[in-house]
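>>> One predicted model, sequence on top.
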Amino acid sequence: KNQVEQSPQSLIILEGKNCTLQCNYTVSPFSNLRWYKQDTGRGPVSLTIMTFSENTKSNGRYTATLDADTKQSSLHITASQLSDSASYICVVGNYGQNFVFGPGTRLSVLP
Amino acid sequence: GAVVSQHPSRVICKSGTSVKIECRSLDFQATTMFWYRQFPKQSLMLMATSNEGSKATYEQGVEKDKFLINHASLTLSTLTVTSAHPEDSSFYICSAPTLAGGANTGELFFGEGSRLTVL
């Protein structure tokens, strides 16, 4: 069964600190893995997209890694800001128009 | 700027009425669009896949007659919640992919969502 799991479910950190979010998947065949940021009451916004051959991709303070062998990905946030408070969703795509969504990690950055 | 526009962003209606939500791709053509439903503090749940020029594909458990989807053009898909009831109150989001070859590695853009409240 195609599944995407994310951990932790929620996370609270202080402003300026770093954090790492995890994503494990069993989607097959694998095509790509995406990380999205969703602010409360808004639509998700793309942070990174990685294909099978990519193992790291950065977007500003966000760095995503992918290990296609172990089927794991991480999203590292550096020097967190209050505006980073949001849900972070891992989405895995296989060939065609199929996307499997993870449950998300709710991040709260406190001053 | 936003490449997928969703309207209305908020709607309040009385029980028994129907509500239409529009999803438009502004900068590209989308033969496929997706509709999701999201309850508070939960993940997006795919409701249906909207296909331009053909019938939508609904996920298991989603009532076709309750949630009518029309994808009349390459830039517009609509979701109509018919005879809405309070339990239909939710956050509805659409998305549209831009294809990049058969590997589906293009962008998947989301609308801003529509908050439906049924009284």
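Looks like it came in fine.
>>> From now on I want contacts and neighbour counts done on CA atoms only, so please keep to that.
Fine.
>>> I'd like to know how many residues surround B:D27.
Neighbourhood size, B:D27 [other CA atoms under 10 Å in any protein chain shown]: 11.
>>> nope, B:E63 is what I was after
12.
>>> quick check, distance from the worst-scoring helix or strand of chain A on mean pLDDT to the centre of its chain.
Sorting the helices and strands of chain A by mean pLDDT, DSSP states H and E puts strand A:98-101 at the bottom, at a mean of 88. Its chain's average C-alpha position is 13 Å from that of strand A:98-101, according to CA atoms, centre = their mean, to the nearest Å.
>>> Give me the residues contacting it.
With contact meaning CA atoms under 8 Å, 6 or more residues apart in numbering or on different chains, strand A:98-101 is reached by A:N2, A:Q3, A:V4, A:V27, A:I89, A:C90, A:V91, A:V92, A:G93, B:S43, B:L44.
>>> Give me the sheet partners of that strand and which way each runs.
Under the criterion DSSP bridges, strand A:98-101 sits next to strand A:86-94 (antiparallel) in its sheet.
>>> Give me the contacts around the partner strand.
A:4, A:6, A:23, A:25, A:27-40, A:99-108, B:103-104.
>>> Show only the entries of the residues you listed found in helices.
Among the contacts of strand A:86-94, no residue falls in helices (DSSP state H).
>>> Give the buried subset of the residues you listed as a ChimeraX selection command.
Provided next is the ChimeraX selection string for whichever of those are buried by 16 or more other CA atoms under 10 Å in any protein chain shown:
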select /A:4,6,23,25,27,30,31,32,33,34,35,36,37,38,39,99,100,101,102,103,104,105,106,107,108 /B:103,104
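>>> Now do the strands in chain A.
Ranges of strands in chain A, per DSSP state E, are A:4-7, A:10-14, A:19-25, A:32-38, A:45-51, A:56-59, A:62-67, A:72-77, A:86-94, A:98-101, A:105-110.
>>> rewinding a little: now list the buried members of the contacts of strand A:98-101.
A:V4, A:V27, A:I89, A:C90, A:V91, A:V92, A:G93, B:S43, B:L44.
>>> Would you convert those into JSON lines that also reports pLDDT?
Shown next, in JSON lines, are these (pLDDT from 0 to 100):
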{"residue": "A:V4", "pLDDT": "95"}
{"residue": "A:V27", "pLDDT": "89"}
{"residue": "A:I89", "pLDDT": "96"}
{"residue": "A:C90", "pLDDT": "97"}
{"residue": "A:V91", "pLDDT": "94"}
{"residue": "A:V92", "pLDDT": "93"}
{"residue": "A:G93", "pLDDT": "89"}
{"residue": "B:S43", "pLDDT": "87"}
{"residue": "B:L44", "pLDDT": "91"}
